[in-house]
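Visitor: heads up, no residue letters with this:
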């Protein structure tokens, strides 16, 4: 599985879980527990990671080699 597919899967599952928790709390008139806020924050981080631009881990190898410190001769 490619990295982008893995990130997409994680983001979509996170969105689904977050939506379920929020709808459940609204329908049952319950407050979201404080301990769940950490999990929700992490899910938002995954969602942001998926929808963000390419990361340093995904840079083409040629660009990484051009930026290396050993290159200044």
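Guide: Okay, I see it. These figures come from a predicted structure and were not determined experimentally.
Visitor: what sits up against stretch 34-47?
Guide: By Cβ atoms under 8 Å, 6 or more residues apart in numbering, the residues outside stretch 34-47 that reach it are 7, 10-11, 14-15, 17-18, 21, 32. C-beta here means a position set from N, CA and C on the backbone, and glycine is covered the same way.
Visitor: change it to 7 Å
Guide: 10-11, 14-15, 17-18, 21 (Cβ atoms under 7 Å, 6 or more residues apart in numbering).
Visitor: Name only those of those residues that count as buried.
Guide: 11, 14, 18, 21 (16 or more other Cβ atoms under 10 Å).
Visitor: okay, those in TSV with pLDDT and secondary structure next?
Guide: Supplementary listing: these in TSV, determined by pLDDT from 0 to 100; DSSP: H, G, I helix; E, B strand; the rest coil:
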residue	pLDDT	secondary structure
11	72	helix
14	74	helix
18	79	helix
21	80	helix
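Visitor: what about residue 42, which SS state?
Guide: Three-state call for residue 42 (DSSP: H, G, I helix; E, B strand; the rest coil): helix.
Visitor: Any idea how many residues pack against it?
Guide: Neighbourhood size, residue 42 [other Cβ atoms under 10 Å]: 11.
Visitor: Tell me the confidence at it?
Guide: Predicted confidence (pLDDT) for residue 42: 74.
Visitor: Same question for residue 28.
Guide: 94.
Visitor: so what's the backbone phi/psi at it?
Guide: Main-chain torsions, residue 28, degrees, to the nearest 10: phi -90, psi 0.
Visitor: Please give the number of neighbouring residues around it.
Guide: 7.
Visitor: separation between it and residue 22?
Guide: 11 Å (Cβ to Cβ, to the nearest Å).
Visitor: Equivalent analysis for residue 12, please.
Guide: With distances taken as Cβ to Cβ, residue 12 is found 16 Å from residue 22.
Visitor: can you pull out the helices in this protein?
Guide: For the chain, the helices defined by DSSP state H occupy 3-27, 34-51, 61-66.
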